[in-house]
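fold the stuff below for me.
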Amino acid sequence: MIDKSSASLKDVLSQIKDGSTIMIGGFGTAGQPAELIDGLIELGIKDLVIVNNNAGNGDYGLAKLLKAGAVRKIICSFPRQSDSYIFDELYRAGKIELELVPQGNLACRIQAAGMGLGPIYTPTGFGTLLAEGKPTLNYEGKEFVLENPIKADFALIKAYKGDRWGNLVYRKSARNFGPIMAMAADVTIAQVAEVVELGELDPEHIITPGIFVQHVVSVAAKQPEQSA
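Residues are numbered from 1 along each chain as shown. Below is the predicted model:
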């Protein structure tokens with residue numbers, strides 16, 4: 001019997017080792033798997049490379065992971081917001097590396113990895129510092145920059161509900177990067193508000209099929225979803 005559900009955050013997170021590359025879902029705090037992140041902090045895992053749209057908000061979730069000194073490098077689109085003071089402090093002190101990726105490129109590079117594609121050409125970033133040292137191509141009179149796929153050892157994502165096979169449904173904007181990150185990681189761990197019985201999820205509403213998910217953990221959220 002296939003059963004990917006677990007009641008223990010520690011059990012599923014213990015497979016993550018120092019130096020891992022981890023995709024973390026979320027657009028700001030919407031869809032951010034805060035309980036999984038807290039579990040990482042409790043395990044004391046270090047030297048991580050994190051892929052996320054942002055670089056943390058306040059001292060919650062991802063920002064808390066940065067503050068714990070667990071992250072060596074972050075790959076993201078929006079490292080600076082009004083409340084990104086933890087990242088700012090670390091970056092200015094030379095304690096964290098940043099790879100800045102335009103948001104559309106970030107999504108496409110993750111999708112390319114999830115679909116088994118090689119590098120992709122994009123017009124975004126051509127002629128800027130982001131394109132320095134990268135191959136370019138003129139196609140039908142337009143300039144493109146070659147970007148590599150972004151793949152991860154693990155993806156930590158948040159969904160609304162899941163079943164024991166790993167099928168997931170999301171709540172509104174909390175979906176964001178979750179589906180494509182699940183496709184681009186070797187191991188996907190999804191936190192959900194509820195694990196339901198097989199057949200309870202409408203097949204037409206399943207966004208991430210269980211083939212892309214290895215673990216489903218039911219947790220009680222510590223903070224209500226913002227902007228979702």
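
name the helices or strands packed onto the helix or strand hosting Phe154?
Assessed by DSSP states H and E, Phe154 sits inside strand 152-158. Using 3 or more Cβ pairs under 8 Å, 6 or more residues apart in numbering; DSSP states H and E as the contact test, the elements touching strand 152-158 are strand 21-24, helix 34-43, helix 178-184, strand 185-192. No exception for glycine: its C-beta is placed from N, CA and C like everyone else's.

now do the longest one: everything it contacts.
Translated: helix 34-43. With contact meaning Cβ atoms under 8 Å, 6 or more residues apart in numbering, helix 34-43 is reached by 9-10, 13-14, 16, 22, 24, 48, 60-62, 64-65, 68, 70, 156, 158, 189, 191, 217, 219, 221-223.

so after it, what's the next helix or strand?
Next element after helix 34-43 (DSSP H and E): strand 48-51.

any idea which helix or strand comes after that next one?
helix 62-67.

centre of the chain to that following helix, how far?
How far helix 62-67 lies from its chain's middle: 14 Å, per Cα atoms, centre = their mean, to the nearest Å.

that helix: what's the following helix or strand?
Following helix 62-67 toward the C-terminus (DSSP H and E): strand 71-76.

buried residues of that next one, list them for me.
71, 74-76 (16 or more other Cβ atoms under 10 Å).

contacts only, for Tyr121.
By Cβ under 8 Å, 6+ apart, Tyr121 lies in contact with 137, 139, 144-147.

mind putting those residues into JSON lines with neighbour count?
Supplementary listing: the contacts of Tyr121 in JSON lines, determined by neighbours: other Cβ atoms under 10 Å:
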{"residue": "Leu137", "neighbour count": "12"}
{"residue": "Tyr139", "neighbour count": "10"}
{"residue": "Phe144", "neighbour count": "19"}
{"residue": "Val145", "neighbour count": "22"}
{"residue": "Leu146", "neighbour count": "14"}
{"residue": "Glu147", "neighbour count": "23"}
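
and which of the buried residues of strand 71-76 is nearest Lys95?
The closest of these to Lys95 turns out to be Val71 (Cβ to Cβ; 9.2 Å).

quick check: bridge partners of Val192?
Counting by DSSP bridges, Val192 forms beta bridges with Ser218.

number of nearby residues for it?
Neighbour count of Val192, defined by other Cβ atoms under 10 Å: 22.

surely it and Ile157 touch.
No. Counting by Cβ atoms under 8 Å, Val192 does not reach Ile157; the two are 9.6 Å apart.

pipe the helices and strands packed on strand 152-158 into a markdown table and attach distance to Asp163 and mean pLDDT per row.
Formatted as a markdown table, these follow (distance: least, Cβ to Cβ, whole Å; pLDDT from 0 to 100):
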| stretch | distance to Asp163 | mean pLDDT |
| --- | --- | --- |
| strand 21-24 | 22 | 98 |
| helix 34-43 | 19 | 96 |
| helix 178-184 | 15 | 98 |
| strand 185-192 | 9 | 98 |
